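Chemist: Based on what follows, work out the 3D shape:
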Amino acid sequence: MPHPPEPREIAGQIGVSDPDVDECGPSRAGTFDAGREHARRLLRACDMEPAPLPDAAHPAREAAREWARSGAMMLTGHAEGPPRFAAGPLASAARGAALALRSLAGESALDTLDAPALLGERAALSGLTRHGDRSASGSARLLPACDGTLVLNLPRDDDWHLIPAWLEADLPLEPGHEPGERDAAWQRVAALVSNRASEPLTERGRLMGLAIATANATPAPPPHEPFFEVQHGTESPLGRGARRARLLDLSTLWAGPLATSLLSLAGIEVLKIESPTRPDGAREGPTAFFDLMNGGKRACALDLRDSHDRGLFERLLESADIVVESARPRALSQLGYDAGGWVGERVGRIWASITGYGRAHEWIAFGDDAALSAGLAWSPDAGQPDPCFCADAIADPLTGLHAAAIILAFMRRGRGGLLDLSLSGIARRAVSAEQEGLALPVEQGAKGWHVLADDRALRIEEPRARPILRPAPALAPASERLLSTWFEATC
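Modeler: This next block holds a predicted model:
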């Protein structure tokens, strides 16, 4: 089993907690680095002991300032109102996952990664803004029911075809193509939801394949909820391989492609595989975002219903060390592929499954609805009591960062297994990370919005994106050159 470069200690970034910091709360001295503490807990969840480095003092309200700088705060709240704080230290959790990843990767392109900024990259490249009860992308809405609030995400046209049956309504509910017709369709849906109970609607919608959840007002994760689950675990003695690790990227959209792009920067060879008839849906979005998530990877299109392509896929599976996929559990099993059996065939193999709510559920989820199901619809600011969307599909980049760190930690330990990660689970861990002072006063000045901290104004930053270094590969069949270089490198 090949291994990435030796991990290194990042001085002043990861270490044991300050002696005054309790395991379950902030320090008595009022200083606490939520990002570093999150990194420490993530590494320990992977059985990696953080380096015993002393912690530097950080202001108790650093998480609030980090959220303001990330670009994600500018995407949170109503369009006509001030940007809002999140229910947990999400930017600090993103930094913590990146600290863990960098400590495992050795010298790499990850050294300059601005992890909190990853939370707003898609919005920066797509020109998205905050809209309160409507997601930044426009595909999801908050819908008040008679006993709570639902979040419904309809990113695909086919989703709208399910709405009349979901609501058992005879009237037309699908939007047309004229300006304003989609908003009118949402208003018809909201009117029908308003006098119904949320739980039956959620259960029925999930059975039908809709991305729907209850927007919980108060996150209540267990105190030690795991970052992930592992099945069919294996472990081998540590040792450096003679070749780079090989990863098959079967994932789509954001969380999985982000994880594999970060692992590519850490030195892992990545081959992205798409269906020629149902390619990665992110190809339909902004080209710049797809390039950012997939540039630098090799890629090919394989039709698993075709005997030749199926045989080639099985050869690629046999040669791979890691698989990352984001389909519901039954999707690949219906094609005859067993993740548990694959990891059991060779010690140290890793299959990372990224789903909305974990492999125990077939429920569909995307980043916005999964995040709000974890408690991110409500601000910690008592003056903003109404729910709204938090940033742009924030569960996706959070999960991508954590998945990359977890996979690399397993490689470092020589461990393998079927890793079960969920968008909702990672969002719950991020929102429940310990930190004081999640909200600060916000004011609007001549040069934009600011938070007031320690008698000075800190600008709330706009979303930003990393530079695009290479375009993503085109959707094309596997070339002889690609196959020869891949299989030669696995020998």
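
Chemist: can we go C-alpha only for contacts and neighbour counts from here?
Modeler: OK.

Chemist: what residue ranges in the stretch 101-250 of the chain score low on pLDDT?
Modeler: Within the stretch 101-250 of the chain, the stretches with pLDDT under 70 are 177, 179, 218-223, 238-243.

Chemist: Give me the distance between the nearest residue to residue 280 once chain neighbours are set aside and residue 440.
Modeler: In space, and not counting its chain neighbours, residue 280 is closest to residue 252: 5.0 Å by C-alpha to C-alpha, 6 or more residues apart in numbering. As judged by C-alpha to C-alpha, to the nearest Å, residue 252 and residue 440 stand 37 Å apart.

Chemist: got it, and residue 471?
Modeler: 40 Å.

Chemist: Name the single longest helix found in the protein.
Modeler: As assigned by DSSP state H, the longest helix anywhere in the chain is helix 395-413.

Chemist: Next secondary structure after it?
Modeler: strand 415-422 (DSSP states H and E).

Chemist: When residue 252 and residue 440 are compared, which one has more neighbours?
Modeler: Between residue 252 and residue 440, residue 252 has the larger neighbour count (other C-alpha atoms under 10 Å), namely 22 against 19.

Chemist: The more buried one falls within a strand, correct?
Modeler: No: going by DSSP: H, G, I helix; E, B strand; the rest coil, the assignment for residue 252 is coil, not a strand.

Chemist: pretty sure it is touching residue 353, no?
Modeler: No: look at residue 252 against residue 353 with C-alpha atoms under 8 Å: they stay out of range, at 11.8 Å.

Chemist: Strands of the stretch 151-300 of the chain, start to end?
Modeler: Along the stretch 151-300 of the chain, the segments classed as strands by DSSP state E, counting those that start in this stretch run 211-214, 229-235, 246-249, 269-274, 298-301.

Chemist: Show residues contacting the last one.
Modeler: Counting by C-alpha atoms under 8 Å, 6 or more residues apart in numbering, strand 298-301 makes contact with 270-276, 473-479, 482, all of which sit outside it.

Chemist: That strand: how far from the chain's middle?
Modeler: 23 Å (C-alpha atoms, centre = their mean, to the nearest Å).

Chemist: Also the longest one?
Modeler: Relative to its parent chain, strand 229-235 has a centroid offset of 22 Å by C-alpha atoms, centre = their mean.

Chemist: intersection of neighbour lists for residue 252 and residue 353?
Modeler: Residues touching both residue 252 and residue 353 by C-alpha under 8 Å, 6+ apart: 325, 326.

Chemist: Buried subset of the contacts of strand 298-301 as a PyMOL selection?
Modeler: Buried members of the contacts of strand 298-301, defined by 16 or more other C-alpha atoms under 10 Å, are picked up in PyMOL with:
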select buried, resi 270+271+272+273+274+275+473+475+477+478
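
Chemist: could you check the distance from the nearest residue to residue 137 once chain neighbours are set aside over to residue 210?
Modeler: Leaving aside its chain neighbours, residue 137 sits nearest to residue 128 (6.5 Å; criterion: C-alpha to C-alpha, 6+ apart). Using C-alpha to C-alpha, residue 128 is found at 24 Å from residue 210.

Chemist: again with residue 94
Modeler: Residue 94 is 28 Å from residue 210, by C-alpha to C-alpha.

Chemist: So those two - more neighbours on which side?
Modeler: Taking neighbours as other C-alpha under 10 Å, residue 94 and residue 210 compare with residue 94 leading, 27 against 22.

Chemist: low-scoring pLDDT stretches of the stretch 351-491 of the chain, where are they?
Modeler: Looking at the stretch 351-491 of the chain by pLDDT under 70, you get 434-437, 489-491.

Chemist: What segments of it are strands?
Modeler: Using DSSP E, counting those that start in this stretch, strands in the stretch 351-491 of the chain cover 415-422, 442-445, 448-453, 456-459.
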